[in-house]
Every structure is written in C-alpha cells, then in structure tokens.
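Peer 1: The sequence and its predicted three-dimensional model are supplied below.
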Amino acid sequence: MLKDITLGQYFPVDSMIHKLDPRFKIINTMLFIIMLFSGNYFYNLIIGAVFVILVQILSKIPFKISIKSIKPILPILIFTAILNLVFIDSGETLWHWNFLKITEGGIYTSVFMIGRIILLILGSSLLTYTTSPILLTDAIEYLLSPLKKINFPVHEMAMMMSIALRFIPTLLEETDKIISAQKARGAMIDNGKLIDRVKAMIPILIPLFVSAFRRAEELATAMECRCYRGGEGRTRLRQLKATGKDYCSLMICSLFLIISVMLNFIIN
Amino acid sequence: MAILKTEGLTYVYSAGTPFEKTAIDNINLCIEENCMIGVIGHTGSGKSTLIQHFNGLLQPTSGKIYLENRDIWEDKSKLRDVRFQVGLVFQYPEYQLFEETVFRDIAFGVKNMNLGESEIKTRVLETAQMLGIENNLLNRSPFALSGGQKRRVAIAGVMAMRPKILILDEPCAGLDPKGRNLMLNQIRDYQKKSKSTVLLVSHSMEDVAEFTEKLLVMSHAKLFCYEDTSLVFRRAEELQALGLKVPQIASVMQVLRKKGYHLPEDLYTVEQAKLAILELLRKR
Ligand SMILES: Nc1ncnc2c1ncn2[C@@H]1O[C@H](COP(=O)(O)OP(=O)(O)OP(=O)(O)O)[C@@H](O)[C@H]1O
Ligand SMILES: [Mg+2]
C-alpha cells in the first residue's frame, strides 16, 4: 500500500535520543556529516560507523527499519561504485579490456564511497526516525530565525513545510482510496502497456487534484477564521528548551568530529 | 445457494510495525444469492476492511474467499473479472468522479468490461433512470452537480456493471432524511429487479430494519453474528453491549411489553408496530 512508504518515517518509541531537543539533533547531524567528509581514510569511516551504531542502539530503532532506508538508494550506490571502479586510474592495474581498466585505487575508492554514502543515509535517517516532522520544522524555524534580519520569510517557510508534512499522509491515504475506488470499477493500474498505464493515471489524478484544492481552500478558510496573520507576534504552543543532556550530546558529537579531523593530521 | 464464501479471513494492517492492527479476525461467512443484507457494527469494527476483501482489493493476511466456489486469489489475472462481478461502492463515492460528463463517468466501469457501444449506452441510460438521474444531467459535468446527485452518479457507475453482488459502504451518509429514503428505495428496487445480492453497510438501525432481510454484525474485528434481521433485533441487550442499538421503535415496543401489553417479539419497523398496535386495540 502507498501508505506504507516511509515518508517523514517518524518511528515513535521512547528513547533518550527521541527526547533530545530537535535543534541540537539537527546541528549534531550536520556535525556528523562534516565528520564523514573530514578525511579520506577508512579510519574516518570507522569512527562514523561507531557513532551511527552508538546512536542506533541508544535510539531503540530496530536495525531492520534502518536497513530499509538504504533500499531506495541502491541504484545510486551501484552507479557510484561502477563509476569509481572504471574511471579512477591509480595504483596497480588488476584487469583491463580495451580502454576499461580496473585498478587498486578504483576498488579502494568505490568501497570507500559506498561506505560513506551508507553511513550518510543511516546517520541522517536516524534524525527523521527519532524526531516528529512537526518538531523538525519547529527546530528549523528556530535555527533559521537569524535570517529574518535580511527579510527572509522564515515563519512562512516553516508554516508551509509543516502544512505540507501534515498533509502528505492525508493525501497518500486519499490516493489509496481513489486507486481502490477506480480499481473497483475495473481500472487497470498495475498492469497493461505503458500507454494504458499513463491513461489510467487520469481517473486517479483528477479526483486527487480536486480534493487537494478543496482541502487547501477549507484550510485557508479555517486559518482565516482563527485570525491567522502570519508570524508577527505569534507565540508557540511547544516551546523548545535546551537541557544539560542536549549540550552533552553536542559535546560528544564535537568530540567525534575532532578525533576524526585529528586522525588525518596524525596519519599525515 | 451460496455465492460468496469466506474461510478464516484475517487481515492485519501495517504488519510488523508499531502500528500493527488486526482489522478483521477469522471471519467465516456464507452469503446467499438474491438477498438484501445489512452490515452493521460500531466504528472501527472492520466493516470497510471486510467488504474490500469481497472484491479482491485487499489480499487477506490469511484465509480464503470463494466467489461461486472459486478461490478469487487463485489466479490473479482474473481478479479484474471478480471486480466486475462484485461491485463495490466506497463511502463518499462522489470523490472518485473524474470524467467530463455524467454519462461518461457512469460508463467508465462498463467500458472497462469491453462491451459494445450500444450495450454501454443501454446500461448507462437504464441505470441512470433507476437511480433517478434525469436525462438532461447526463451531458453536464459531474463536478457541477449537488452532493446527492454526485453520489447517485457514482453509485450508478458501479450498478451499471450489473454485478452479481453489489456492496455499498454507507451510501446514505450525509443525505437528508427524504434523500435517504429515496436512495434506499431505489437500491431495494434495483435488488428486486436484478435478483442480485446487495450488501448495505449502515450505521442506521432503522434503515437496516426496514430494508434488509439478513444482518451481518461485526464487533471488534470479529463476526458477531449473521442471521435474519428479525432474529438479530431480538437480541437487544447483546447489541447494546456491543455499542449498537436496536431501532427506536423496537425499544418502544420493549417498554410497552414490559408494561404488560401483549405485543410480539419481532417488531422492529414502524409499519409492523402500527399494525400490531391496531390489532391490539381492536381486540379490546
Ligand atoms: N489503511 C489503514 N491502515 C491502518 N489501519 C487501518 C486502516 N484502515 C482501517 N484501519 C483500522 O482497522 C480497523 C477497522 O477499520 P474499518 O475501516 O474496517 O472500520 P469500519 O467498521 O468500517 O468503521 P466505520 O464504521 O467508522 O467506517 C480500525 O481500527 C482502523 O483504525
Ligand atoms: Mg467504514
């Protein structure tokens, strides 16, 4: 079913990581990404892996769920691996055919790249697994609020994001229902020739758009009825408050980053 | 004769996640031909989930469904035929309209059956007439109709396929009392005329009391009972325990009986009650 697509993919369990301030989680994720790109040695990856495994265990997210987040990027992984394998020309040549050759350097780089991308995905999906989309947008609004000084519409952006996130599941559910309803009338959706399948989209897309516009209009009216006037002077229902644990998490992440950077110097 | 049979039908939503939910649990049923059947149960009891199994929209987690003694999941390429034989109208079906004209929208299902132009036309016109959709509406855009008219068009789209079993999920939700009655009468006329089986999901005990012969009662994902309507409404206390009611008139009769009037047990429509009370008065 469409609804089973992990989008937003918040996984609600009770854990230390879930309770951390979302602003800190975003910053920590950024530090983690910098860490992954701070050096080109396998040591850097090992540190990254240790970090991911640690957070994974603390967050109580089953490994099985995390593995699922890798599946959609498999084509990208394979593509990257093949490009690196074929085009990097350094070290000893192991095999060659016409202009194609596979070198030691190529193998090293492609393995390294795959490792890096997998860690990148695993690490950043831990952010979305442990933080509800609404909290995430709240945090983004906070973090971007300095941009208000240069008249960047931070509040409006955040509002748009939270509305979009709020309605993704609703629209997916609606799509599911419409697909079922048209299938019940014999529409061919998952089989037939390409042309037929494109044609079969019309009975789904038209009702979907009609209902999306209807919902948008209703929501706009409802917001107006509650005197919504944008971000000016608006207070929050959920106040974000940093605690000692949050600063602690920031320190641990910084520590990992520093170790990773230092290793580069030591090896050099 | 049984037209549809289920064996140990079970369905679990989002299996293997924290949102796992058994929506129907071990349902064994045997549904007859040429019968008007009501489906009742409290909110979330699994009615909508159950009926989506009957035309193969949901594949059971475990259990089997037989349509005319053939397992519908045996040959997946024939599922589409199953959907023509078991027509399903969802709740609020007006949100599935998409064609340029009412005529073409009603014809969508029939066209998918690969019938000839003339056959399509006769079926659409006949169904439209049966549901009281006037001819001058047929060339209008379905989006320009009133809510009730849209509902009729959507139901007509499924009826026109002339399924052997027609399932309607709360076809009267959001209609005014007069509109409800008209709609239910039209559905009953359709059932009588086509001699098919009609399943009517409803939250209104009055409606099912008046219009159905048998009742399928769901409770907490399980089949509570499947019996003649009159027999079900005799079990007033059990129904109340399930969060359901008996028709208002049945409660009135119950009170009268308690007060010592000799009224029969199986009165559950206003018409029957009227006759019984008149009879009682005459005897005095
Ligand atoms: N798509 C879905 N994903 C997950 N759970 C669902 C889904 N659809 C229904 N459920 C759950 O399955 C159970 C049965 O739902 P169902 O829609 O069959 O009830 P119903 O009897 O039709 O209720 P109603 O009278 O409100 O229409 C409910 O508890 C519901 O929360
Ligand atoms: Mg329902």
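Peer 2: It's in. Ligands and ions are numbered 1, 2, ... in the order given.

Peer 1: Report the separation between residue B:128 and residue A:79.
Peer 2: Applying CB to CB, to the nearest Å, the value for residue B:128 to residue A:79 is 54 Å. For every residue, glycine as well, the C-beta is placed using N, CA and C.

Peer 1: Please apply the same query to residue B:179.
Peer 2: Following CB to CB, the distance that separates residue B:179 from residue A:79 is 58 Å.

Peer 1: Neighbour count: these two, which is higher?
Peer 2: Neighbour count, other CB atoms under 10 Å in any protein chain shown: between residue B:179 and residue A:79, residue B:179 has more, with 16 against 11.

Peer 1: partners of residue B:32 in the sheet?
Peer 2: The partner list for residue B:32 in beta bridges (DSSP bridges) reads residue B:2.

Peer 1: wait, it sits on residue B:164?
Peer 2: No - counting by CB atoms under 8 Å, residue B:32 stays clear of residue B:164, with 11.6 Å between them.

Peer 1: Identify the contacts common to the two.
Peer 2: Counting by CB atoms under 8 Å, 6 or more residues apart in numbering or on different chains, the common neighbours of residue B:32 and residue B:164 are B:3, B:197.

Peer 1: So the two - more neighbours on which side?
Peer 2: Legend: neighbour count by other CB under 10 Å for residue B:32 and residue B:164, higher for residue B:164 (18 against 13).

Peer 1: Name the residues of chain B found near ligand 1, please.
Peer 2: Contact residues, chain B versus ligand 1 (CB under 6 Å from any ligand atom): B:13, B:14, B:21, B:23, B:41, B:43, B:44, B:45, B:46, B:47, B:48, B:49.

Peer 1: Please list which of these also come close to chain A.
Peer 2: Contacts with chain A within the residues of chain B next to ligand 1, counted by CB under 8 Å from any CB of the partner chain: residue B:14.

Peer 1: Adding secondary structure, write the residues of chain B next to ligand 1 out as a markdown table.
Peer 2: What follows is those, written out as a markdown table (DSSP: H, G, I helix; E, B strand; the rest coil):
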| residue | secondary structure |
| --- | --- |
| B:13 | strand |
| B:14 | coil |
| B:21 | strand |
| B:23 | strand |
| B:41 | strand |
| B:43 | coil |
| B:44 | coil |
| B:45 | coil |
| B:46 | coil |
| B:47 | helix |
| B:48 | helix |
| B:49 | helix |
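
Peer 1: Drop anything exposed from the residues of chain B next to ligand 1.
Peer 2: For the residues of chain B next to ligand 1, a neighbour count by 16 or more other CB atoms under 10 Å in any protein chain shown gives the buried set as B:13, B:23, B:41, B:45, B:46, B:47, B:48, B:49.

Peer 1: got a list of what residue A:154 touches?
Peer 2: A:141, A:144, A:145, A:147, A:148, A:231.

Peer 1: one more time with 7 Å, if that's ok
Peer 2: A:141, A:144, A:145, A:147, A:148 (CB atoms under 7 Å, 6 or more residues apart in numbering or on different chains).

Peer 1: and residue 120, how many neighbours does it have?
Peer 2: In the absence of a named chain, this looks at chain A. Neighbour tally, residue A:120, other CB under 10 Å: 17.

Peer 1: actually chain B
Peer 2: If we define neighbours as other CB under 10 Å, then residue B:120 has 19 of them.

Peer 1: does chain A sit close to the one helix or strand it maps to?
Peer 2: Using DSSP states H and E, residue B:120 sits in helix B:117-130. No - contact of helix B:117-130 with chain A (CB under 7 Å from any CB of the partner chain) is absent, the minimum separation being 12.8 Å.

Peer 1: tally of neighbours for residue 19?
Peer 2: In the absence of a named chain, chain A is used. Neighbour tally, residue A:19, other CB under 10 Å: 11.

Peer 1: looking at chain B here, not the other one
Peer 2: For residue B:19, using other CB under 10 Å, the count is 11.

Peer 1: Confirm it sits in a helix?
Peer 2: No - with three-state DSSP as the criterion, residue B:19 is coil rather than part of a helix.

Peer 1: With adjacent residues omitted, what lies nearest to it?
Peer 2: residue B:13 (7.3 Å; CB to CB, 6 or more residues apart in numbering or on different chains).

Peer 1: who does the one you found bridge with?
Peer 2: Here residue B:13, judged by DSSP bridges, has bridge partners residue B:21.

Peer 1: That one and residue B:23 touch, don't they?
Peer 2: Yes - using CB atoms under 7 Å, residue B:13 is in contact with residue B:23, at 5.5 Å.

Peer 1: Please tell me I have it right and residue A:118 contacts residue A:70.
Peer 2: Yes - counting by CB under 7 Å, residue A:118 touches residue A:70, with 6.2 Å between them.

Peer 1: Neighbour count: the two, which is higher?
Peer 2: Taking neighbours as other CB under 10 Å, residue A:118 and residue A:70 compare with residue A:118 leading, 19 against 14.
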